[in-house]
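Visitor: Provided below for reference: sequence and predicted model.
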Amino acid sequence: HLATSLPLPSEGDHLRPRIDLIAFMIDVKSKYSLKNVEDSLAHVDANFFLGKVCFLITGVGRLNFCSIEMNAILKLGEIYCSPVLFCELELEGIRVATAQRLLRMLQICAGHVPGVSALSFSSLMRNSADD
């Protein structure tokens, strides 16, 4: 399911499926997208930041058109203890690889991968990024 911002509308709450992963998309060419994500973060339950949130940064192939400081984006990942994934949606191979990565993250967050929890997976992502 896609939403342009949070909070989600309250109508239909009883019909909404369980939310296992929230992927916030930020377009490096749009300051508005970063502001929208920052505003939306206030509406996410703190428990989700235990491995069930990631930031997907798009437009990274065009850094010369960047409207957002990369440090601001990386700081979001640090503050919310959530992985930051970079992707260029215009390149099919990268788009497919990113979709597969997000799907695997979703499977883990939904509890469909035996022996791996969202929290342990998130911890592994942070440790590998620090090396």
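Guide: Cool, got the structure. Residues are numbered from 1 along each chain as shown.
Visitor: Helix or strand: which one has Phe86?
Guide: strand 84-87 (DSSP states H and E).
Visitor: dump the residue contacts of the closest residue to Val84 other than its chain neighbours.
Guide: Ranked by Cβ to Cβ, 6 or more residues apart in numbering and with sequence neighbours excluded, the top spatial neighbour of Val84 is Gly77, at 3.9 Å. Glycine gets a C-beta too; all of them are placed from N, C-alpha and C. Taking Cβ atoms under 8 Å, 6 or more residues apart in numbering, we find Gly77 in contact with Phe55, Pro83, Val84.
Visitor: Now tabulate the residues you listed in JSON lines and tack on neighbour count.
Guide: Shown next, in JSON lines, are the contacts of Gly77 (neighbours: other Cβ atoms under 10 Å):
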{"residue": "Phe55", "neighbour count": "22"}
{"residue": "Pro83", "neighbour count": "21"}
{"residue": "Val84", "neighbour count": "20"}
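Visitor: Could you point out which of these is nearest to Ser33?
Guide: Phe55 (10.8 Å; Cβ to Cβ).
Visitor: hang on, the earlier thing: and the strand holding Phe86, what's its mean pLDDT?
Guide: Averaging pLDDT along strand 84-87 gives 91.
Visitor: same for that strand, what does it pack against?
Guide: On a contact count with 3 or more Cβ pairs under 8 Å, 6 or more residues apart in numbering; DSSP states H and E, strand 84-87 meets strand 53-58, helix 70-79, helix 92-109.
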